[in-house]
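> missing the sequence, but the structure's below:
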């Protein structure tokens, strides 16, 4: 079940060519932009790798490695969770936890930052609904108390900005080198 680093590279290069949901970029463009924004912000190699891989669950679903019945009753594919068994053993918690928490970070930001909702794309607003909606104050406090929640919030903000068709980023091999540097 676990992936190798070469499997991860293959997923990004092959399945990454697919369009990213309802956005104007491919999955790979989105991943590269997200990782590039994290790098430009001075994030650690762990957070940069999490930014690169945060949506790999979507790519795994396209290969048929993930059972479609894993979706919840709202139709959410739970991509932030289904990827973890494939990545566990490859990466430390500093990579895995921001990936696991990046959807919850959107729910948290909608609860704690009044202007955040207006920054979301139409596709992100729609997915928020199927992902459980805005957190209540107790849910937001519970999220905040988790390890790596701050990294997940920053990752979420990069995620939201990484949807520009004309954006120029370093090529995938640049980020693969970073990914390899944090692999277990």
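Received, thanks. Only a predicted model underlies this, so the values are computations on that prediction, with no experimental measurement involved.
> tell me how many other residues crowd residue 159.
Other residues near residue 159 come to 24 when the count uses other CB atoms under 10 Å. All C-beta atoms are positioned from the backbone trio N, CA, C, and that covers glycine.
> what mean pLDDT does stretch 2-22 have?
Stretch 2-22 shows an average pLDDT of 88 in the prediction.
> straight-line length of it, end to end?
29 Å (CA to CA, to the nearest Å).
> can you list contacts of that stretch?
Contacts to stretch 2-22, defined as CB atoms under 8 Å, 6 or more residues apart in numbering, come from residues 25-31, 52-53, 55-56, 58-60, 62-63, 85-90, 121-123, 126-127, 163, 172, 176, 179-180, 183.
> in it, which residues are buried?
3, 8, 9, 11, 12, 15, 16, 20, 21 (16 or more other CB atoms under 10 Å).
> for it, the distance to its chain's centre please.
13 Å (CA atoms, centre = their mean, to the nearest Å).
> cool, and stretch 89-105?
The answer for stretch 89-105 is 9 Å, by CA atoms, centre = their mean.
> also stretch 154-172?
11 Å.
> okay, how far is it across that stretch, tip to tip?
End residues of stretch 154-172 are separated by 21 Å (CA to CA).
> quick one: contacts of that stretch?
9, 12-13, 20, 23-25, 28-39, 41, 43, 47, 50-51, 54-55, 98-99, 102, 105-106, 109, 119-121, 124.
> ditto for stretch 30-48
12, 16, 20, 23, 25, 49-55, 92, 94-95, 98, 151, 154-155, 158-159, 161-164, 167, 169-172, 175, 178, 181-182.
> count the neighbours of residue 139 for me.
Neighbour tally, residue 139, other CB under 10 Å: 16.
> can you say which of the contacts of stretch 154-172 are buried?
Buried among these (16+ other CB under 10 Å): 9, 12, 20, 23, 25, 28-39, 43, 47, 50-51, 54-55, 98-99, 102, 105-106, 109, 120, 124.
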